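Here is my input, please return the structure:
(chains A and B)
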Amino acid sequence: MPAPSVVRGTPFHERTGPLCQAGNWRRWAGHLSASSYEPTHEHEYQAIRSACALIDVSPLHKYRLSGPGAAALANRVVTRDVDRQEIGRVYYTPWCDAAGKVRDDGTLHRLGASDFRLTSAEPTLKWLHENARGLDVEIEEETEQVAALALQGPRSRELLRRITDGDVAGLPYFRVMSARIAGIAAEISRTGYTGDLGYEIWVGAADAIPLWDALTEAGGPFGLAPAGMLALDMARLEAGLLLVDVDFIPAHRAIIEDRKSSPYELGLGWTVSLEASNFVGRAALRAERARPPAWRFRGIVLDWESLEAAYATVGLPPQLPGTTLRDSVPLYAGGRQVGYATSRGWSPTLKTYLGLAHLEAASAAVGTELEIEVTVEHRRRRARATVAKTPFFDPERKRATP
Amino acid sequence: MSATNAYDAIIVGGGHNGLINAAYLARAGLRTVVLERRHLVGGAAVTEEIFPGFKYSVASYVVSLLRPEIIRDLQLARHGLEILPLESTVTPLPNGDYLGRWADHDQTRRDLYRHSPKDAEAYDDFATLMYRLAWAVKPLLGIVPPDPLSPGLRDLKTLLMLGRHARGLDEQQFHALFKLGTMSAADYLDEWFESDPLKATMSASGIIGTFLGPRSPGTAYVLLHHYMGEIDGVFRAWGFARGGNGMVSESIASSARSHGAEIRTGATVERVLTANGRATGVVLEDGEELRAKTVVSGIDPKRTFLGLLDPEELPDDLVEAIRRFRIRGSSGKVNLSLSAAPEFSCLPGGGPHLRGAFSISPSMDYLERAYDDAKYGGFSRRPYMDIVIPSMIDPGMAPPGRHVMSIFVQYAAFDIEGGWDDAKREAFGDAVVDTLSEYVPNLKDSILHRQVLTPLDMQEELGLTEGNIFHGELTPQQLFFFRPSPAWADYRTPVRGFYQCGSGTHPGGGVCGASGRLAALEILRDLRRRPRGPRPGHQP
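Numbering: from 1, shown residues only, chains lettered A, B, ... in the order given. I've put the predicted structure just below:
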């Protein structure tokens, strides 16, 4: 018996492997994932925002909850009120430990009255089992069995409706439907990690290659391009979406208490339904709700003039990042550190230097003037930045149904 | 009495703790001598070329717990210590499968997932908790155990510090710590995992060096002890010393010599000389006397208190406590010279797995049965084994294309029925080779030379009483302010000027070295000396 491979390709690897001209792979949950396919990722990003892009998201962990206790289990785990989730509705949701600190986030698809799909960034099988005690529910991990493609961008609807038998055009934001794509049985959800019009397509792993081929064959006229993680990272920053291990640490992996965050501290208060049935962490979050959280998660926008001034001191124009930066940098207000930015990058669409930041509540009001550390030619300097609302980029087409 | 026989400090026993102690004392400016009975230093951490061209880490064979501050203070890297990574542990299974834990997280997860999807996740949760616990408990490795019953000012400070520290533990840590201190490794791991080979292999680190089975209470603690190692800041990392574990000792000896310590081999100390309740020196087997006001024993507590001193010189309760101190040998060692690389049938051919460890621990029952054999005065017919092939990563250990295999074996009783003799030693070696051959079909045909050490051999050749590798079992009732005895856990003894610095003192064995260092710091405190030696231009 050979030693287990360290990384494996996704069900699409037969196609994505040869496409990856850049040879630029990274690992995502034990799978090979292209950082970019083309030698540079700019076109892939532009495909997401101006045409449509195909992103292999198969490494997401996926679990199927079914049986009479499925809804009760989902309600026990996620912070949202599953009783109010209609069939065909998708919830974005975090889930917490007993202290109300976020373990992970993902999407909960209600495929039937007692049939759910939960996606997560971290392995969650054990957590689901631990919370299923006494419930008549079947928990099936389908990470390897289900292949997933994100089709994202303004032309994605037109493309998809051409090869789908279902009413994909009528599918509202954060809904899921069953349909056939070029004859392949699939679930199509109007979800994604780009903040744009887009879909995620879920099929059995054996159907992955025919699905890929059907989409790429039909996609030419719509400017379809495969896109990698670098492009996706830029899009999700513009959309103000959190990235696990970058913008927050899963509570159960935190070595120290300070690394944990509650949903309120991550700007996810809107996902917490304190009236819902007794989900893990509810009591702690109810107590937290009674007083304002100490930390807030916010957007920040760097001030161009002060960035220019910082670079001017060494005779350079501002050097803009071509990818999303994931190193944490300090933020100051009134000469004191009041937070840190965990994701930063230049938005080619908005022509703005953006960031996502953890801020002490007193300095977190939108419009608050901050200073951010910028390293200019080996020296630390500060530029002005302003607290902003997220999402930074929020086109109407994202939610619109024609 | 010639002046050359007068020292500031005499260290009895040139094991790694004795050498570390000497290095720290010499560094502080004391005229120091180490007296070692054998022809080489290192005690149980020695490399010997018993069969030409093949170097054995005769007893101790891997490194992890060696305290980083010792590596820094004694500049061991400059004195020849190089640590090579030991990256994986593979547990071959009787059905031809295996369970592997690898350097890479994804690879480990994938392998565990094959055996139990839930365990693959539980393993990460367990590792996170152990990391946090080890981080919380680690400060204990660096402090002198206080005396909680008749505390002095410093004891009170330490106790206060510990109390504050304990308050910093969260609920999960506190519960886990209590469980680890009281439960059996098997019971504790049952709370976490369902895969039998995983639990068995993990429990193995709880039974090493202890005459207890994985289902005996108290074995859970040693799980944590093994998480307290670190290499280059990575917790729980294990490695090989390049050139064998003797290089740990050689590098410390080299550092000690560079500070002026004298190291004498072939010098067997008969007893410690005392006058008016004070140590005055030692007398060697050949009658030679050496004088010093400070005498330090790096040998185990039984030999320190019951061998080097006359029990008349000690309080009765201490003598009784030392007599009761559990130091039962439980393990043996088999070292092989091989004409070819071993082929494991679960992972045939070469590959990175051969650079790692192999654990013969297919199930919890297997380990407990291995203990049963020894419990009633025998050795395990089918023993637990921890196997490494150092020549795979350190080619200098064997001639080109050939290999050395180190097999740590448990269990073997010290007081075996009828006593150990040559025939029993060979039967023990045969049980090891026969069992391993079930997993390594080409083993028997490639053996060029075999060295078998029974607990009796470890006592007679290496000076470990009853062959106990830790100078006393690492069970909760023999730790911290109980190690080796209440009221005498601060490296001092009732004889003024006579100290203990071996693994039988806090924090204990595993080539950790903290005992040697902490004892040296206590001695220097008593002598009112600066640990770093006189300042330049200052004459003491």
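
How much space separates residue B:268 from chain A?
49 Å (Cβ to the nearest Cβ, to the nearest Å). In short, each C-beta sits where N, CA and C put it, glycine included.

got a list of what that residue touches?
Residues in contact with residue B:268 (Cβ atoms under 8 Å, 6 or more residues apart in numbering or on different chains) are B:35, B:37, B:284-285.

just checking, residue B:506 touches residue B:145?
Yes: at 4.8 Å, residue B:506 counts as touching residue B:145 under the criterion of Cβ atoms under 8 Å.

joint contacts of these two?
Shared contacts of residue B:506 and residue B:145, counting by Cβ under 8 Å, 6+ apart, come down to B:480-481, B:483, B:489.

so how far is residue A:281 from residue A:290?
Distance, residue A:290 to residue A:281, using Cβ to Cβ, to the nearest Å: 15 Å.

cool, residue A:133 as well?
Distance from residue A:133 to residue A:281, by Cβ to Cβ: 17 Å.

With neighbour numbers in mind, choose between the two.
Neighbour tally, residue A:133 and residue A:281, criterion other Cβ atoms under 10 Å in any protein chain shown: the higher count belongs to residue A:281, 25 against 8.

Could you report the distance from the nearest residue to that one once chain neighbours are set aside to residue A:115?
Using Cβ to Cβ, 6 or more residues apart in numbering or on different chains and skipping the chain neighbours, the partner closest in space to residue A:281 is residue A:96 (3.3 Å). Taking Cβ to Cβ as the measure, residue A:96 falls 24 Å from residue A:115.

Compare neighbour counts for the two and give me the winner.
Comparing residue A:96 with residue A:115 by other Cβ under 10 Å, the one with more neighbours is residue A:96, at 26 against 16.

and the spatially closest residue to residue A:120 that is not a sequence neighbour, what does it touch?
Closest residue to residue A:120 apart from its sequence neighbours, by Cβ to Cβ, 6+ apart: residue A:106 at 4.1 Å. Neighbour list for residue A:106: A:60-61, A:92-93, A:118-121, A:124 [criterion: Cβ under 8 Å, 6+ apart].

let's see it at 10 Å
Going by Cβ atoms under 10 Å, 6 or more residues apart in numbering or on different chains, residue A:106 touches A:60-63, A:78, A:91-95, A:117-122, A:124, A:244.

Show me the strands paired with the one helix or strand residue B:382 maps to, marking each as parallel or antiparallel.
Assessed by DSSP states H and E, residue B:382 sits inside strand B:379-388. The strands that strand B:379-388 pairs with in its sheet are strand B:357-360 (antiparallel), strand B:403-412 (antiparallel) (by DSSP bridges).

next structured bit after the longest one?
Read that as strand B:403-412. helix B:422-437.

Helices of the stretch 1-150 of chain B, residue ranges please.
B:16-27, B:68-73, B:105-115, B:117-137 (DSSP state H, counting those that start in this stretch).

Flag every buried residue along the second one.
Neighbour counts over helix B:68-73 (16 or more other Cβ atoms under 10 Å in any protein chain shown) mark B:70-71, B:73 as buried.

any chance of these in CSV, with distance to residue B:358 too?
What follows is these, written out as CSV (distance: Cβ to Cβ, whole Å):
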residue, distance to residue B:358
B:70, 29
B:71, 28
B:73, 35
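
From these, pick the one nearest residue B:402.
The nearest member of the buried residues of helix B:68-73 to residue B:402, counting by Cβ to Cβ, is residue B:71 at 31.1 Å.

residues contacting that closest one?
With Cβ under 10 Å, 6+ apart, residue B:71 has these contacts: B:77, B:79, B:81, B:83, B:231-232, B:248, B:251-252, B:255, B:513.

could I get stretch B:494-512 in PDB with only the CA atoms?
Output in PDB follows, covering the C-alpha atoms of stretch B:494-512 (Å, rounded to 0.1, in the frame of the first residue of the first chain):
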ATOM      1  CA  PRO B 494      20.500  16.200  54.200                       C
ATOM      2  CA  VAL B 495      24.300  16.100  53.800                       C
ATOM      3  CA  ARG B 496      25.400  19.700  53.200                       C
ATOM      4  CA  GLY B 497      27.300  20.200  50.100                       C
ATOM      5  CA  PHE B 498      26.000  17.000  48.600                       C
ATOM      6  CA  TYR B 499      23.500  17.500  45.800                       C
ATOM      7  CA  GLN B 500      21.500  15.400  43.300                       C
ATOM      8  CA  CYS B 501      21.200  16.300  39.600                       C
ATOM      9  CA  GLY B 502      20.100  13.100  37.800                       C
ATOM     10  CA  SER B 503      16.800  12.300  36.100                       C
ATOM     11  CA  GLY B 504      15.500  11.000  39.400                       C
ATOM     12  CA  THR B 505      15.000  14.700  40.300                       C
ATOM     13  CA  HIS B 506      12.400  17.200  38.900                       C
ATOM     14  CA  PRO B 507      11.500  17.300  36.000                       C
ATOM     15  CA  GLY B 508      12.800  13.800  35.100                       C
ATOM     16  CA  GLY B 509      14.100  11.900  32.200                       C
ATOM     17  CA  GLY B 510      14.100  11.700  28.500                       C
ATOM     18  CA  VAL B 511      17.400  13.500  27.800                       C
ATOM     19  CA  CYS B 512      15.800  16.700  29.100                       C
END
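
and the stretch 251-400 of chain A, which of its residues are near chain B?
Proximity of the stretch 251-400 of chain A to chain B, by Cβ under 10 Å from any Cβ of the partner chain, involves residues A:252-257.

how about the strands in the stretch 101-250 of chain A?
Listed in chain order, the strands of the stretch 101-250 of chain A (DSSP state E, counting those that start in this stretch) span A:102-112, A:115-120, A:138-141, A:146-152, A:176-181, A:184-189, A:198-204, A:224-226.

ranking those by burial, who's on top?
Most buried of the strands of the stretch 101-250 of chain A by mean neighbour count (mean count of other Cβ atoms under 10 Å in any protein chain shown) is strand A:146-152; its value is a mean of 25.

Parallel or antiparallel, list what pairs with that strand.
Here, using DSSP bridges, strand A:146-152 pairs with strand A:52-56 (antiparallel), strand A:198-204 (antiparallel).

Can you pull the domain assignment for chain B?
Per automatic domain parsing, the domain ranges recorded for chain B read B:3-46+B:64-82+B:242-326+B:469-526, B:111-236, B:331-466.

residues from the stretch 251-400 of chain B in reach of chain A?
Residues of the stretch 251-400 of chain B lying near chain A (Cβ under 10 Å from any Cβ): B:345-349, B:351-353.

Considering only helices and strands, which part of chain A has the lowest mean pLDDT?
Lowest on mean pLDDT, DSSP states H and E among the helices and strands of chain A sits helix A:282-290, with a mean of 94.

packing partners for whichever helix or strand comes after that helix?
Next helix or strand after helix A:282-290 toward the C-terminus (DSSP H and E): strand A:295-302. Helices and strands touching strand A:295-302, as assessed by 3 or more Cβ pairs under 10 Å, 6 or more residues apart in numbering or on different chains; DSSP states H and E, comprise strand A:336-347, strand A:352-360, strand A:369-376, strand A:379-388.

Report how many residues lie close to residue B:168.
Per other Cβ under 10 Å, the neighbour tally for residue B:168 reads 9.

distance of it from residue B:20?
Distance from residue B:168 to residue B:20, by Cβ to Cβ: 30 Å.

Residue B:51 versus residue B:59, what's the distance?
16 Å.

What of residue A:111?
From residue A:111 to residue B:51 the distance is 67 Å (Cβ to Cβ).

more neighbours, residue B:59 and residue B:51?
Between residue B:59 and residue B:51, counting by other Cβ under 10 Å, residue B:59 is the more crowded of the two (27 against 17).
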